[in-house]
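1. Compute the structure for the input listed below.
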Amino acid sequence: MKQTLFESRYQAEWQRFTSVLEALERGKASSEASQAFAADYRRLCHQLALAQERGYSSHLIDQLQLLAMRGHQQFYRHRSHLGAQIIQFVLGGFARLVREEWRSVLIATLVFFGSLILMGSLVYFFPDLIYSLMAPDQVADMEHMYDPEASRIGRDKRDAGDDWMMFGYYIMNNIGISFQTFASGLLFGLGSLFFLLFNGLTIGAVAGHLTQVGYTETFWSFVIGHGAFELTGIVFSGAAGLKMGWALLAPGRYTRLEALRLASGRAVQLVAGVILFLLIAAFVEAYWSSMTYTTPMVKYIVGAGLWTLVLSYFIFAGRSQHAPD
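-> Numbering: from 1, shown residues only. Model (predicted):
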């Protein structure tokens, strides 16, 4: 290939790489650009090797070498330890990522909470509708779990010493639902939409039924605490799945495989935050939500505080650091 053709083919890539480099050097690169930087850097190194192998002009080779050197510095600088990276992610990185992926998060929120509220209202006013989603024995089990006369509330009537076993159960159950909702996004996003809708309808049906039969205090005082973490975790799992599905549907200037690789990097980060939230949800559900030694009003106050904490985290956390232009 002649040098003029080589330059014309890749000039736009070099200019784009230069712009990203300058943004990284100023500390103001967007997360999406930073995510794609590694792949772009490898492509530049490959193009430099081709230019050297084909004996192109020293001016072009020097230009590419300078870009490669600057890229190398950005690629390897400030490589913090894993512990520091995790702390930074928890303190603000997860919240920033959720705000940056607001489109996927908004769609997942509307599908999940929209179906939950709609089905809850329908079952409350039309009680027999719950049997279109759940078998009679499942409905009876739900009523037994949230019976106001129970000494412990929740999935099982067990002694307090068994809470650690339920903690493990809740972790596995929650993570299973999360992974299912996330991984099914590979079906062009349709799988994630389905599980968001299914879980929203199921939870809404249970809430509407238990409210209608008069188990309001036992049910709502139980779910309000851990729900702040568990329900948002389901939504973000769906958002991560939709992120991957959209990459397959609209890969843009990338191949579908490359677009999926880039999208999955951010999606996996979302799921990492989800796992943290589900661990917290399982702990609260096992050790706090199931207790009957306190009044429902105390649980409502604590639950409202947890919801406020979660919403405040995603609104305010991570804003003190450099935001993308």
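
2. CA only for contacts and neighbour counts going forward, please
-> Fine.

3. what helices or strands is the helix or strand Trp220 falls within leaning on?
-> Following DSSP states H and E, one finds Trp220 within helix 216-249. On a contact count with 3 or more C-alpha pairs under 8 Å, 6 or more residues apart in numbering; DSSP states H and E, helix 216-249 meets helix 102-125, helix 163-183, helix 190-212, helix 256-284, helix 296-316.

4. List the contacts of the first one.
-> The contact list for helix 102-125 (C-alpha atoms under 8 Å, 6 or more residues apart in numbering) reads 98, 129-130, 193, 196-197, 199-209, 211-212, 235-236, 238-240, 242-243.

5. got the buried residues for it?
-> Residues of helix 102-125 classed as buried by neighbour count (16 or more other C-alpha atoms under 10 Å): 104-105, 108-109, 111-117, 119-124.

6. The longest one now?
-> Buried positions in helix 256-284, judged by neighbour count with 16+ other C-alpha under 10 Å: 258-260, 262-264, 266-275, 277-284.

7. Contacts only, for the spatially closest residue to Val271 that is not a sequence neighbour.
-> Among residues not flanking Val271 along the chain, Ser237 sits closest, at 6.0 Å (C-alpha to C-alpha, 6 or more residues apart in numbering). Contact analysis of Ser237 by C-alpha under 8 Å, 6+ apart lists 178-179, 181-182, 270-271, 274.

8. Please produce CSV containing those residues, extended by pLDDT.
-> Shown next, in CSV, are the contacts of Ser237 (pLDDT from 0 to 100):
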residue, pLDDT
Ser178, 90
Phe179, 92
Thr181, 93
Phe182, 92
Leu270, 93
Val271, 94
Val274, 94
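
9. can I get these in JSON lines with distance to Thr218?
-> Formatted as JSON lines, the contacts of Ser237 follow (distance: C-alpha to C-alpha, whole Å):
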{"residue": "Ser178", "distance to Thr218": "26"}
{"residue": "Phe179", "distance to Thr218": "29"}
{"residue": "Thr181", "distance to Thr218": "28"}
{"residue": "Phe182", "distance to Thr218": "31"}
{"residue": "Leu270", "distance to Thr218": "32"}
{"residue": "Val271", "distance to Thr218": "31"}
{"residue": "Val274", "distance to Thr218": "27"}
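
10. Please identify which two of the residues you listed are farthest apart in space.
-> The largest separation in the contacts of Ser237, counting by C-alpha to C-alpha, is between Thr181 and Leu270 at 12.6 Å.

11. contacting residues around the residue nearest to Thr181 when sequence neighbours are not counted?
-> The shortest distance from Thr181 to any non-neighbouring residue, by C-alpha to C-alpha, 6+ apart, is to Ser192 (4.9 Å). Shown in contact with Ser192 (C-alpha under 8 Å, 6+ apart): 180-185, 238-239, 241-242.

12. Counting neighbours, which of those comes out on top?
-> Among the contacts of Ser192, Gly238 has the most neighbours (other C-alpha atoms under 10 Å), with 37 neighbours.

13. Return the distance of the helix or strand encompassing Leu67 from the chain's centre.
-> Using DSSP H and E, Leu67 sits within helix 58-76. Remark: helix 58-76 is offset 35 Å from the chain centroid, using C-alpha atoms, centre = their mean, to the nearest Å.

14. Mind giving me the packing neighbours of that helix?
-> Against helix 58-76 (3+ C-alpha pairs under 8 Å, 6+ apart) you get helix 3-26, helix 31-53.

15. Report the residue spans of the stretch 201-325 of the chain with pLDDT below the cut-off.
-> For the stretch 201-325 of the chain, applying pLDDT under 70 flags the ranges 320-325.

16. what about 80?
-> 289-293, 320-325 (pLDDT under 80).

17. can you tell me how far Tyr170 sits from Val310?
-> Going from Tyr170 to Val310 by C-alpha to C-alpha, to the nearest Å gives 20 Å.

18. correction: Met172
-> Distance from Met172 to Val310, by C-alpha to C-alpha: 22 Å.

19. for Leu201, same thing?
-> Distance from Leu201 to Val310, by C-alpha to C-alpha: 23 Å.

20. So those two - more neighbours on which side?
-> Between Leu201 and Val310, Leu201 has the larger neighbour count (other C-alpha under 10 Å), namely 24 against 16.

21. contacting residues for the more buried one?
-> Shown in contact with Leu201 (C-alpha under 8 Å, 6+ apart): 112, 115-116, 118-120.

22. change it to 6 Å
-> 115-116, 119 (C-alpha atoms under 6 Å, 6 or more residues apart in numbering).
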